[in-house]
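**Q** I would like to see how this sequence folds:
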Amino acid sequence: MGPTVSVAESLRVRPPVLRMRHDAFGPAPGSRPSGPASVRITFGAIGAALCRIVSHRAGNAGTRRRWHDKVRRDCGEPDLVAALLLRLAAQANPPRLVLFSSIRPHRVQQAAVALAREETHDLGQLAALVAAELRDCQPGAAAAQ
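**A** Predicted structure coming up:
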């Protein structure tokens, strides 16, 4: 879960909002402390996950083709993968609250457009590929495959 949950559990009064780290490589942030904390905001959805996915996919032609065929998108394109990861994080957190920041206005606009999409086939396929090919890898190991 991370330190924010353990801190919240140690308080006498539960905070109304929890901030929880989550990306495509961890379990969905489904459990939270009991009590009135009803809103959770996830963060960390893109950072390390983006590098791992793009470098894994760039490893060889077979991997590129397989990922493209399943996700129906070019998972070697960092902007596209970032949008998929943001949507995946929003899907994993039912309130759809995901903390995202950028100093580039076009990236914020891309994030807003991505989160407005309702299609989920690509998200399910991306999650399945991450689970099958990358979840057990240590960060940085994907590039060596």
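**Q** drop to CA atoms for contacts and neighbour counts, all remaining ones
**A** Noted.
**Q** any idea how far Ser10 is from Thr4?
**A** 10 Å (Cα to Cα, to the nearest Å).
**Q** ok, now Cys51?
**A** Taken as Cα to Cα, the span from Cys51 to Thr4 is 25 Å.
**Q** With neighbour numbers in mind, choose between these two.
**A** Neighbours around Cys51 and Thr4, counted as other Cα atoms under 10 Å, are more numerous at Cys51. The numbers are 19 against 12.
**Q** where does Ala48 land in three-state SS?
**A** Using DSSP: H, G, I helix; E, B strand; the rest coil, the structure places Ala48 in helix.
**Q** for the chain, what spans make up the strands?
**A** Applying DSSP state E to the chain gives strands spanning 17-21, 39-43.
**Q** Could you say which of those strands is packed most deeply?
**A** Across the strands of the chain, averaging neighbours per residue (mean count of other Cα atoms under 10 Å) puts strand 39-43 on top, at a mean of 20.
**Q** chain center to that one, what's the gap?
**A** Relative to the centre of its chain, strand 39-43 is centred 12 Å away, using Cα atoms, centre = their mean, to the nearest Å.
**Q** just checking, what packs against that strand?
**A** Applying 3 or more Cα pairs under 8 Å, 6 or more residues apart in numbering; DSSP states H and E, we find strand 39-43 packed against strand 17-21.
**Q** For Asp23, see how far away Asp69 is.
**A** 23 Å.
**Q** for this structure, what are the low-confidence residue spans?
**A** 1-3, 28-38, 136-145 (pLDDT under 70).
**Q** Distance from the chain centre to stretch 67-76, please.
**A** 16 Å.
**Q** That stretch: end-to-end distance?
**A** 9 Å.
**Q** cool, stretch 96-108 as well?
**A** So stretch 96-108: terminal residues 16 Å apart, Cα to Cα.
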